[in-house]
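In: Sequence first, then the predicted structure, then my questions.
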Amino acid sequence: MNISTENRNGRTILSLKEERLDAHNSGELKDYILKLLEDGHTRLVIDLSGVRFIDSSGLGALLSGYKNASLRSGSFLLAGLQPRVQSMFELTRLHRVFDIYPSLREVPDGN
Amino acid sequence: MNISTENRNGRTILSLKEERLDAHNSGELKDYILKLLEDGHTRLVIDLSGVRFIDSSGLGALLSGYKNASLRSGSFLLAGLQPRVQSMFELTRLHRVFDIYPSLREVPDGN
Amino acid sequence: MGGETDIINVEIVVPNQTRYLSLIGNIAEQVAKALDVYTGDRDALAYHLNLVLTEAMVNAIQHASPSDANKTVRVCMQICDKDLRIFVYDHGQGFDLNAVPPPNLDALNERGRGIFFMRTFMDWVSYRKADNGNVLEMYKKLA
Amino acid sequence: MGGETDIINVEIVVPNQTRYLSLIGNIAEQVAKALDVYTGDRDALAYHLNLVLTEAMVNAIQHASPSDANKTVRVCMQICDKDLRIFVYDHGQGFDLNAVPPPNLDALNERGRGIFFMRTFMDWVSYRKADNGNVLEMYKKLA
Ligand SMILES: Nc1ncnc2c1ncn2[C@@H]1O[C@H](COP(=O)(O)OP(=O)(O)O)[C@@H](O)[C@H]1O
Ligand SMILES: Nc1ncnc2c1ncn2[C@@H]1O[C@H](COP(=O)(O)OP(=O)(O)O)[C@@H](O)[C@H]1O
């Protein structure tokens, strides 16, 4: 999976460079997030602006990241959801679970 | 077929607003060009910048326009060919027949 | 046009590997975008068909893989006038679709939303024995 | 992966109307883009498969339409490892493909480049009787 990672203002930003977040690459994303958390990066932001399609496995991988970050008293924010991706969160009520920001710019500093 | 027409600097510019120029819409383009020629618009430019796919019928419609414009001592220029469209002209040697300009900007005035 | 019936049939067989999900999903989007009969939002339909096919194919791969090598998944899309049917075949043990409850959306489970999506975006979903295996059928009226 | 053979099969039936050319062509592009086995330029391959399928389908519509209503065109794409085969079926009178000469490219004819494109972009093209009609078969080695 093509992910670019960057540390900025006290947060670790993961930008997904894939059009689809589905059962083909969600396992890899989940493992990648777990590894970051284990390495002590506990303030994560997932930039979904490049993702135009998400399936139930993609939502599952993000939920896994959210739960594991919470266990470590970290934070797990989402940014840049395209409208149809956003509507998948609403349908599953996950928009009430995640902190969702319109874009990376809106994400507050993590320090 | 979605075509926008504009008169500029002594030429009539037809911009094709279709991704494909194929057997489905080439007949319409051919008739459209003939009508313009009959109405006295004999200095035509076809802006192909929006076209990413052309088939043999599309090439045929452009050849029809070229031949009919020549019969009327007019001109028939092409502009803005995408690389793969350009290569179809080269394969059929039609790049030697048509006057082809990289973009509308390069087309000289028609006065 | 006129009194004619528009029939589109697409049948796809691919290795049962998740890397072919995008091919199946993208073909479903192309079909949705070609459906002139559909008066609703064709881009939304494209996403929804992409999604339900992705979910059904993932289930065929993950829950119903036979043990022999060179395994494939077969899916069909049929449009006859305003009736859209999608079939996803598997060769697993099968399961009772009607026994699958709606997911508890407050439980934050990582799994269990696939059939929910199918039921949400299609008019009905069924699962039964067919062709030496099983078939998941999804129907939608293209009103 | 490894010793496995990758098999993809796509079969499409649509009304024999030119407005379905883009659906067929777009599906061909999606298939080309999914062909991991192909080491060449996959975007070029996508254009070429789009083109040869478009040309073959236009011929089936324009030169080989039967008289009955509700007419359809059927096309198949088969990939087996590095062998790509495309089949386009028609129910017309048929013709002798080998008698079609290469076009005179200096003659500025408006027609007659379809088979030329098929022969250019595929490794071989054949046409024969099949299934109560005819089939145009195109083969390409995905080297
Ligand atoms: N094709 C299938 N064969 C066998 N069992 C299936 C099949 N599809 C779905 N199931 C069963 O239905 C359950 C619910 O499926 P789904 O809603 O897609 O969620 P998930 O696959 O994430 O568990 C699966 O966990 C599985 O037990
Ligand atoms: N499926 C077909 N059935 C009958 N004749 C065909 C078929 N395909 C091609 N032909 C014949 O071969 C000729 C050359 O085809 P082609 O190179 O595609 O050019 P065009 O269709 O523009 O004439 C056609 O004019 C037609 O006479």
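Out: Cool, got the structure. Numbering: from 1, shown residues only, chains lettered A, B, ... in the order given. Ligands and ions are numbered 1, 2, ... in the order given.
In: what sits against residue C:23?
Out: Listed by CB atoms under 8 Å, 6 or more residues apart in numbering or on different chains, the contact set of residue C:23 reads C:12, C:14, D:8, D:30, D:31, D:33, D:34. Backbone N, C-alpha and C define where each C-beta goes, glycine included.
In: pLDDT wise, what is it at?
Out: pLDDT for residue C:23: 98.
In: and chain C, which of its residues are near chain D?
Out: C:4-15, C:19-20, C:22-23, C:26-27, C:30-31, C:33-34, C:36, C:69-70, C:72 (CB under 8 Å from any CB of the partner chain).
In: if we can go back for a sec, from the contacts of residue C:23, which two are the most distant?
Out: Pairwise distances across these peak at 14.4 Å for C:12 and D:33 (criterion: CB to CB).
In: how many other residues sit next to residue A:74?
Out: Counted by other CB atoms under 10 Å in any protein chain shown, the residues lying close to residue A:74 total 19.
In: Check residue C:92 too.
Out: Neighbour tally, residue C:92, other CB under 10 Å: 15.
In: how near is it to residue C:133?
Out: 7 Å (CB to CB, to the nearest Å).
In: Common neighbours of those two, please.
Out: residue C:64.
In: Which strands or helices does the longest helix along chain C pack on?
Out: Scanning chain C for the longest helix, with DSSP state H as the assignment, gives helix C:42-63. If contacts are counted by 3 or more CB pairs under 8 Å, 6 or more residues apart in numbering or on different chains; DSSP states H and E, helix C:42-63 sits against strand A:53-54, helix C:21-33, strand C:72-80, strand C:83-90, helix C:114-121, strand C:133-141.
In: Among the residues of chain C next to chain D, name the buried ones.
Out: C:6, C:8-15, C:20, C:22-23, C:26-27, C:30-31, C:33-34, C:72 (16 or more other CB atoms under 10 Å in any protein chain shown).
In: wait, what's in contact with the most centrally placed residue in chain A?
Out: Closest to where the C-alpha atoms of chain A average out (CA atoms, centre = their mean) is residue A:46, at 3.2 Å. Listed by CB under 8 Å, 6+ apart, the contact partners of residue A:46 are A:14, A:16, A:62, A:65, A:76, A:77, A:78, A:79.
In: Thought residue A:2 was touching the first one, still the case?
Out: Going back to what we said before, that points to residue A:14. No - at 11.0 Å, residue A:14 does not count as touching residue A:2 under the criterion of CB atoms under 8 Å.
In: give me the low-pLDDT residue ranges for chain C?
Out: For chain C, the stretches flagged by pLDDT under 70 are C:1-5, C:66-70.
In: actually chain A, not the one I wrote
Out: Within chain A, no range satisfies pLDDT under 70.
In: All the helices of it, in order from the start?
Out: For chain A, the helices defined by DSSP H cover A:26-38, A:56-71, A:83-91.
In: can I get these in a markdown table with mean neighbour count and distance to residue B:55?
Out: As requested, the helices of chain A are exported to a markdown table (neighbours: other CB atoms under 10 Å in any protein chain shown; distance: least, CB to CB, whole Å):
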| stretch | mean neighbour count | distance to residue B:55 |
| --- | --- | --- |
| helix A:26-38 | 17 | 39 |
| helix A:56-71 | 21 | 37 |
| helix A:83-91 | 16 | 32 |
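In: With distance to chain C as extra columns, can I get these in TSV?
Out: Formatted as TSV, the helices of chain A follow (distance: least, CB to the nearest CB, whole Å):
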stretch	distance to chain C
helix A:26-38	8
helix A:56-71	4
helix A:83-91	5
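In: any chance of these in a markdown table, with distance to ligand 2 too?
Out: A markdown table is the format used below for those (distance: least, CB to the nearest ligand atom, whole Å):
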| stretch | distance to ligand 2 |
| --- | --- |
| helix A:26-38 | 45 |
| helix A:56-71 | 44 |
| helix A:83-91 | 40 |
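In: could the ones you listed be laid out in CSV, adding distance to residue B:93?
Out: Listed next are the helices of chain A as CSV, based on distance: least, CB to CB, whole Å:
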stretch, distance to residue B:93
helix A:26-38, 49
helix A:56-71, 49
helix A:83-91, 45
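In: so which of those helices comes closest to residue C:88?
Out: helix A:56-71 (15.1 Å).
In: List the buried residues for stretch A:104-111?
Out: Neighbour-count burial for stretch A:104-111 [16+ other CB under 10 Å]: A:104, A:107, A:110.
In: so can I have JSON lines of the residues you listed showing distance to residue C:137?
Out: Listed next are those as JSON lines, based on distance: CB to CB, whole Å:
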{"residue": "A:104", "distance to residue C:137": "42"}
{"residue": "A:107", "distance to residue C:137": "44"}
{"residue": "A:110", "distance to residue C:137": "48"}
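In: looking at the helices of chain A, which is closest to ligand 1?
Out: Ranking the helices of chain A by proximity to ligand 1 (CB to the nearest ligand atom) places helix A:56-71 first, at 5.7 Å.
In: who touches the closest one?
Out: By CB under 8 Å, 6+ apart, helix A:56-71 touches A:20-23, A:26-27, A:29-30, A:33-34, A:37, A:42, A:44, A:46, A:51, A:75-76, A:78, A:88-89, A:92, A:94, A:97-98, C:55, C:58, C:108-114, C:116-117.
In: now the residues you listed: which count as buried?
Out: Using 16+ other CB under 10 Å, the buried members of those are A:20-23, A:26, A:29-30, A:33, A:37, A:42, A:44, A:46, A:51, A:76, A:78, A:88-89, A:92, A:94, A:97-98, C:55, C:58, C:110, C:112-114, C:116-117.
In: At the geometric centre of chain C, which residue do we find?
Out: Nearest to the mean C-alpha position of chain C, by CA atoms, centre = their mean, lies residue C:53 at 3.4 Å.
In: I figured it was touching residue C:75, is that so?
Out: Yes - judged on CB under 8 Å, residue C:53 makes contact with residue C:75 at a distance of 6.3 Å.
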